[in-house]
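A.B. asks: fold the stuff below for me.
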Amino acid sequence: MTPDEIEGAVTAGLPRAVEDLKRLVSIPSVAFPGHPEEPVLAAAAATEELLRDAGLPEVRQIPVDGSFPAVYAEAPAPPGAPTVLLYAHYDVQPPGDPALWNTPAFEPTEIDGAVYGRGAADDKSGVISHIAALRAFQGRFPVGIKVIIEGQEEYAGERLEAFVERHPDLLRADAIIVADTGNPRVGDPAVTTSLRGMGAFTVEVRTLKESLHSGTFGGAAPDALAALIRMLAALHDDNGDIRVPGLPRGTFLGVGPSEDEFREMAGVLDGVSLVGSGSLADRLWASYSITVTGLDVPTVSGAINAVQAGARARVTVRVPPAGDPKTTVEAVVDFLQQIAPWGAQVSFSDYTLGSGFLSDTGGAARSALNRAMQQAYGRPPRDVGTGGSIPLVSTFVRQFPAAEILLFGAEDDGASIHAPNERLVIDELRRTVLAEALFLQEYASAFTG
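C.D. replies: Coordinates of the predicted model:
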């Protein structure tokens, strides 16, 4: 197919792709514990059906130990052509407080050229991007195709990692497209070339056998909650830079957002300062960060006048691509133990680790993607990083060291992923689908001429 024929096919197929996206978004496929399993399985079945409809001759669900099934599809490569693996996930984050949504989270709503709903961007847009790009070829693919769509990336994504490690030949490919990232802004093409790794743990502080009346014992009895607050506050200095020894600031060799752009994207309130030192690209994509993501303490509405015997917090650490999550978490844990006040008893549990990623930007696949994005967006892509992590990417790197891994997608930084009112801009979906379809053709040409 010529580039113009591919673009015509993508444009003609866009209304169908949008309806397919809405259908997927209407399925509340939250794979977290405590949520019903039936919708997650329904999303797997819908994904399987869509892949069959895209013209792939082999499609099946694959059991994943301790998780929901992955959906796998394959089409053989034409003679001399490479094979491309396409990745996305069909599970979504929980919707959170319904009162914060302008429209119901699982009733996809089209407003001003965007589809609103949980998972519309992260990552059912990735599923549909692959489907729509493949449909453009009507079953006559220029490269070999493998597809893996998993069902528990948002919670315990490492379970698919173990599957890949046990079955490497099933997913082996020359290039891998990970459709679980996006552009800084709508219409601003970008390829994600670095991912921070992550580590997380739960810290518990105990000071008393049981909580005590604050009037009778307050002023002398050591408060576990106060101790924990002091420890967590000590992780950063007054400027917001990390105080833990051995976690230096890094450098990102690329251009990040301006402060005004970041403040708008992040919704920083007027008069509130950003934290940390160095460029925003350095802080967001190449340096360590520490965030307290949860606290187990009495709620304000349920508060009683008591000195707390115990308190817990969940702490997440983001690690530069070249950093080691394990030694990073150990450094933070050691620091918290050393600064615990009043001889408080401190324990740590529920560790989670995930490696970062730094891509090679000079291969045949990246060159083909640059050309494809140039045509789809009218300008070449730029390199960006992301502070988030995608657990499977580091496994791909270990298992397939010769494969080029390309991270791009239809999301953008204003898509409100993991937040209320998540949305996907339809025209961004069109450009992403076109870029992926053009890439498949361009990449084939690099091998076959």
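
A.B. asks: those helices in the chain, which residues are they?
C.D. replies: 3-25, 38-53, 124-135, 158-166, 168-171, 214-217, 224-233, 259-266, 280-281, 325-339, 364-377, 391-399, 426-448 (DSSP state H).

A.B. asks: and the angle for the fourth one with helix 391-399?
C.D. replies: For helix 158-166 and helix 391-399, the angle between their directions (axes from the mean of the first three to the mean of the last three CA atoms, to 10 degrees) works out to 20 degrees.

A.B. asks: contacts for helix 158-166, please.
C.D. replies: Residues outside helix 158-166 that contact it (CB atoms under 8 Å, 6 or more residues apart in numbering): 62, 64-67, 70, 148, 150, 152-153, 171, 354, 391-392, 394-396, 398-399. All C-beta spots, glycine's among them, are computed from the backbone N, C-alpha and C.

A.B. asks: let's see that with 6 Å instead.
C.D. replies: By CB atoms under 6 Å, 6 or more residues apart in numbering, the list of residues contacting helix 158-166 from outside reads 64, 66-67, 150, 171, 391-392, 395, 399.

A.B. asks: then the last one?
C.D. replies: Taking CB under 6 Å, 6+ apart as the criterion, the residues outside helix 426-448 that touch it are 6-7, 10, 14, 18, 80-82, 113, 129, 132-133, 136, 142-143, 186, 364-365, 368-369, 371-373, 375-377, 410.

A.B. asks: kindly report the same for the third one.
C.D. replies: Outside helix 124-135, the residues within contact range by CB under 6 Å, 6+ apart are 13, 17, 20-21, 24-25, 50, 54, 86, 88, 90, 149, 179-180, 409-410, 424, 432-433, 436-437.

A.B. asks: rerun at 7 Å
C.D. replies: Here helix 124-135 makes contact (CB atoms under 7 Å, 6 or more residues apart in numbering) with 10, 13, 17, 20-21, 24-25, 47, 50-51, 54-56, 86, 88, 90, 141, 145, 147, 149, 179-180, 409-411, 424, 429, 432-433, 436-437, 440.

A.B. asks: same question, the second one
C.D. replies: Applying CB under 7 Å, 6+ apart, the external contacts of helix 38-53 come out as 20, 23-24, 27-29, 31, 59, 61, 68-69, 71, 73, 90-91, 127, 131, 147, 149, 151.

A.B. asks: list the buried ones in it?
C.D. replies: For helix 38-53, a neighbour-count test (16 or more other CB atoms under 10 Å) marks 39-44, 46-48, 50-51 as buried.

A.B. asks: between it and helix 3-25, how many degrees?
C.D. replies: Counting by the same axes, to 10 degrees, helix 38-53 lies at 160 degrees to helix 3-25.

A.B. asks: for helix 38-53, what is the average pLDDT?
C.D. replies: Averaging pLDDT along helix 38-53 gives 98.

A.B. asks: same question for the first one.
C.D. replies: Looking at helix 3-25 alone, the average pLDDT works out to 98.

A.B. asks: ok, now the last one?
C.D. replies: Model confidence over helix 426-448, given as mean pLDDT, is 96.

A.B. asks: for that helix, buried residues please.
C.D. replies: Using 16+ other CB under 10 Å as the test for burial, helix 426-448 gives 426, 428-444, 446-447.

A.B. asks: redo the helices of the chain as CSV? Include distance to N305.
C.D. replies: Converted to CSV, the helices of the chain look like this (distance: least, CB to CB, whole Å):
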stretch, distance to N305
helix 3-25, 46
helix 38-53, 43
helix 124-135, 48
helix 158-166, 43
helix 168-171, 58
helix 214-217, 5
helix 224-233, 13
helix 259-266, 37
helix 280-281, 44
helix 325-339, 28
helix 364-377, 60
helix 391-399, 44
helix 426-448, 53
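
A.B. asks: just say which of these is most tucked in.
C.D. replies: Among the helices of the chain, the stretch with the highest mean neighbour count (mean count of other CB atoms under 10 Å) is helix 124-135, at a mean of 28.

A.B. asks: got the domain boundaries for this protein?
C.D. replies: Here the domain assignment for the chain is 3-195+356-448, 201-248+288-354, based on automatic domain parsing.

A.B. asks: so what would you say the end-to-end distance of the last one is?
C.D. replies: So that's domain 201-248+288-354. With CA to CA, to the nearest Å as the measure, domain 201-248+288-354 spans 12 Å from end to end.

A.B. asks: and A179, what does it touch?
C.D. replies: Neighbouring residues of A179 by CB under 7 Å, 6+ apart: 86-88, 126, 129-130, 409.

A.B. asks: ok, now A175?
C.D. replies: Neighbour list for A175: 82, 84, 365, 403-404, 406, 443 [criterion: CB under 7 Å, 6+ apart].

A.B. asks: next up, the contacts around G199.
C.D. replies: By CB under 7 Å, 6+ apart, the contact set of G199 is 317, 319, 325, 328-329, 352-353.

A.B. asks: between those, which is nearest P95?
C.D. replies: T352 (22.8 Å; CB to CB).

A.B. asks: what's the nearest residue to F447 if we skip its chain neighbours?
C.D. replies: Distances taken as CB to CB, 6 or more residues apart in numbering put P82 closest to F447, at 5.3 Å, once the chain neighbours are dropped.

A.B. asks: measure how buried that neighbour is and give me the count.
C.D. replies: Residues within reach of P82, counting by other CB atoms under 10 Å, total 23.

A.B. asks: that one against P142, yeah?
C.D. replies: No. Using CB atoms under 7 Å, P82 is not in contact with P142, being 9.5 Å away.

A.B. asks: coming back round to it: could the contacts of A175 go into a markdown table alongside distance to V272?
C.D. replies: A markdown table is the format used below for the contacts of A175 (distance: CB to CB, whole Å):
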| residue | distance to V272 |
| --- | --- |
| P82 | 49 |
| V84 | 44 |
| A365 | 42 |
| A403 | 43 |
| E404 | 41 |
| L406 | 36 |
| Y443 | 45 |
